[in-house]
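A.B. asks: this is a predicted model, with the sequence first.
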Amino acid sequence: MENTSFCYVHRSQIDFSTIGIPAFGALVGNLIVPGVGGAVTGAIIGNLANNHFKGKSKMKKKVFVSFDFDNDKRLKDFIIGQSRMADSPFEVIDNSLKEAAPEKDWEAKANGAILRSDIVVVMVGSQTYRAHGVLKEIRMARTANKHIVQVIGYKDGEYTAVPGAGRLYRWNWENLKKLLG
């Protein structure tokens, strides 16, 4: 019974909406049109409604975007644009702060944003591996035990992984959905 919500080992974790909503639909269907046909139709409609609302209520992963502020600001805009797509499994909650910003507390702000995130995405350009702000954000993410994903920001060129931030991935929609979903 592997991959079912009704196996012996996981029976205490049964999702009652899987059976409860269709059963309620069957009851209502039987009241409106008495008999097996009404119950079956009600159960089918209840199941379809349940699946529809489950898809709508799926929580998107909260992503902190780290990038080389001096060289790759447009990468941030691109990933924010992709987060707004209808089938996007993630939302950008915050992004890198410029280290040289006049605000003395940029590190505290970045750390707070990283703590609120589910995952940290490093948008990798040609100089990202040595960007001081990115390196500090990676240390913060590691300290907070956040999952970190590195995405190559451009099609052409040679890219060096940011130390401590894991493997580099190509930037395409399928990869983003897998990595951030």
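C.D. replies: On my side now, so go ahead. Computed from a prediction, not measured in an experiment: that's the story for all the values here.

A.B. asks: who's in contact with Ile79?
C.D. replies: Contact partners of Ile79, counting by CB atoms under 8 Å, 6 or more residues apart in numbering, are Val63, Val65, Val92, Val121, Met123, Val151. Where you see a C-beta, it was placed from the backbone N, CA and C, and this is true even at glycine.

A.B. asks: quick check, nearest of those to Arg170?
C.D. replies: Here the nearest of the contacts of Ile79 to Arg170, counting by CB to CB, is Val151; it sits at 7.7 Å.

A.B. asks: just to revisit the earlier point, how about the contacts of Ile79 in JSON lines, adding neighbour count, pLDDT and distance to Ala113?
C.D. replies: Compiled in JSON lines, those are given as follows (neighbours: other CB atoms under 10 Å; pLDDT from 0 to 100; distance: CB to CB, whole Å):
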{"residue": "Val63", "neighbour count": "26", "pLDDT": "94", "distance to Ala113": "10"}
{"residue": "Val65", "neighbour count": "23", "pLDDT": "94", "distance to Ala113": "10"}
{"residue": "Val92", "neighbour count": "20", "pLDDT": "91", "distance to Ala113": "10"}
{"residue": "Val121", "neighbour count": "30", "pLDDT": "94", "distance to Ala113": "12"}
{"residue": "Met123", "neighbour count": "25", "pLDDT": "95", "distance to Ala113": "15"}
{"residue": "Val151", "neighbour count": "21", "pLDDT": "94", "distance to Ala113": "18"}
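
A.B. asks: tell me which two of the residues you listed sit farthest apart.
C.D. replies: So, those by CB to CB: farthest apart are Val92 and Val151, at 12.7 Å.
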